[in-house]
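A.B. asks: model this:
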Amino acid sequence: MASLKEMRNNPMYNNGIILSGNNKLLDYDNPETGEKVRYAQFNTLALICCPFASEGCKAVCYATKGNHIYPSVKHSRERSYMESRRADFAESMVYTINAEKQSARYRNATMLVRIHESGDFYSVQYLRKWVNVWKEYKAGNGVRFVFYTKSFPFFLMLTEEEKAIVNNALHAGIVSMNMSVDDTTSPEQWRAYFDMRKAFPLANTYRCTESTEGIKADNVCDCSDCAKCGKCNKASGRETFVKIHSASKADMEVYRNNSK
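C.D. replies: Residues are numbered from 1 along each chain as shown. Reported below is the predicted structural model:
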């Protein structure tokens, strides 16, 4: 096998991948299982690559604010978006992941790839590229994937064979899918969501809401440390409510005005 340096210099290497997490995606070690988890990311463009974003989601989107608007960050996401349009994107991503598994960071750890801290599956063709990535990995090989999505219609457009690949990956723990809804989700999107529940029963639901008052504590995620929590990294079909945080008063006013 070629060395890591040689693989990184190969045109097949995908320069859109970010080999670290962020202040929420913190690397962690599981003392119960001994598993070491190290994050990687692949992002696209906020809003532009979010065809099913609700009006409220657009208003409070964290990926359009703060550090996310720095020119270097925007340039990185533009580069990633262009990488995602490669005809050989699936092959290049598998090549890149396999290359990085040789590195000291990931060699003896689980490489947990967060897909779209910014952006979403912007077309069914792009989604199919990721499906082709997921089918290349098996349980226990040290690579897992996690993502949030509102692109329900694209998942429902997959062939039965492709849906089976996704469900097999969910069952094996290779992929964790978190379906995202909120108080401003449209009726059409809710209908797609319920179809998703039938098609992918192990997909999690995360409902963002202004207030979690009156909701059972077991159904609320209010943790401040995503690494220690890890609920969204597992596919179990659960439903969880998340209170919107870090949004300005002006953004919340837009959110309220669009609530159903």
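A.B. asks: For stretch 203-212, report the contacting residues that lie outside it.
C.D. replies: Under the criterion C-beta atoms under 8 Å, 6 or more residues apart in numbering, residues 56-57, 60, 148, 170, 176-183, 193, 196-197, 220-222, 231-232, 234-244, 252, 255-256, 259 lie in contact with stretch 203-212. Quick note: C-beta positions are derived from backbone N, CA and C, even for glycine.
A.B. asks: Buried subset of these, written for ChimeraX?
C.D. replies: The following ChimeraX command selects only the buried members of the contacts of stretch 203-212, with burial defined by 16 or more other C-beta atoms under 10 Å:
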select :56,57,60,148,170,176,177,178,179,180,181,182,183,193,196,232,235,238,240,241,242,244,255
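A.B. asks: Let me see the mean pLDDT of the helix or strand hosting K129.
C.D. replies: Secondary structure from DSSP states H and E places K129 in helix 124-134. Computed over helix 124-134, the mean pLDDT rounds to 98.
A.B. asks: and if you look at stretch 34-44?
C.D. replies: With pLDDT averaged residue by residue, stretch 34-44 scores 92.
A.B. asks: before we move on, back to that, which ones among the contacts of stretch 203-212 are found in helices?
C.D. replies: Among these, the members found in helices (DSSP state H) are 56-57, 60, 170, 193, 196-197, 252, 255-256.
A.B. asks: what's the farthest-apart pair in those residues?
C.D. replies: When those are compared pair by pair using C-beta to C-beta, the two farthest from each other are L170 and R256, 34.3 Å apart.
A.B. asks: Show me where the stretch 51-200 of the chain has its strands.
C.D. replies: With DSSP state E, counting those that start in this stretch as the definition, the stretch 51-200 of the chain shows strands at residue ranges 110-115, 143-149, 175-182.
A.B. asks: packing partners for the longest one?
C.D. replies: So that's strand 175-182. Using 3 or more C-beta pairs under 8 Å, 6 or more residues apart in numbering; DSSP states H and E, the elements in contact with strand 175-182 are helix 55-60, strand 143-149, helix 160-172, helix 187-199, strand 204-209.
A.B. asks: repeat that for 7 Å
C.D. replies: Other helices and strands packing on strand 175-182, by 3 or more C-beta pairs under 7 Å, 6 or more residues apart in numbering; DSSP states H and E, are strand 143-149, helix 160-172, helix 187-199, strand 204-209.
A.B. asks: same deal with the shortest one?
C.D. replies: Contact analysis of strand 110-115 by 3+ C-beta pairs under 7 Å, 6+ apart lists strand 36-42, helix 89-100, strand 143-149 as its packing neighbours.
A.B. asks: For the last one, which strands pair with it and how are they oriented?
C.D. replies: Paired strands of strand 143-149, with direction, are strand 110-115 (parallel), strand 175-182 (parallel) (DSSP bridges).
A.B. asks: nearest to R144, of the ones you listed?
C.D. replies: With C-beta to C-beta as the measure, strand 110-115 is the member of the strands paired with strand 143-149 nearest R144 (5.1 Å).
A.B. asks: Run the chain-centre distance for the closest one.
C.D. replies: For strand 110-115, the distance between its averaged C-alpha position and the chain's averaged C-alpha position is 9 Å (C-alpha atoms, centre = their mean, to the nearest Å).
A.B. asks: got it, and stretch 95-115?
C.D. replies: Computed by C-alpha atoms, centre = their mean, the chain-centroid distance of stretch 95-115 equals 17 Å.
A.B. asks: re earlier: closest to R77 among the ones in helices among the contacts of stretch 203-212?
C.D. replies: Each of those was scored against R77 by C-beta to C-beta, and C57 proved nearest at 17.4 Å.
A.B. asks: which residues does Y148 bridge with?
C.D. replies: The residues paired with Y148 through beta bridges, assigned by DSSP bridges, are N178.
A.B. asks: re the thing from before, need the strands of the stretch 51-200 of the chain in TSV with distance to T209, can you?
C.D. replies: As requested, the strands of the stretch 51-200 of the chain are exported to TSV (distance: least, C-beta to C-beta, whole Å):
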stretch	distance to T209
strand 110-115	23
strand 143-149	15
strand 175-182	7
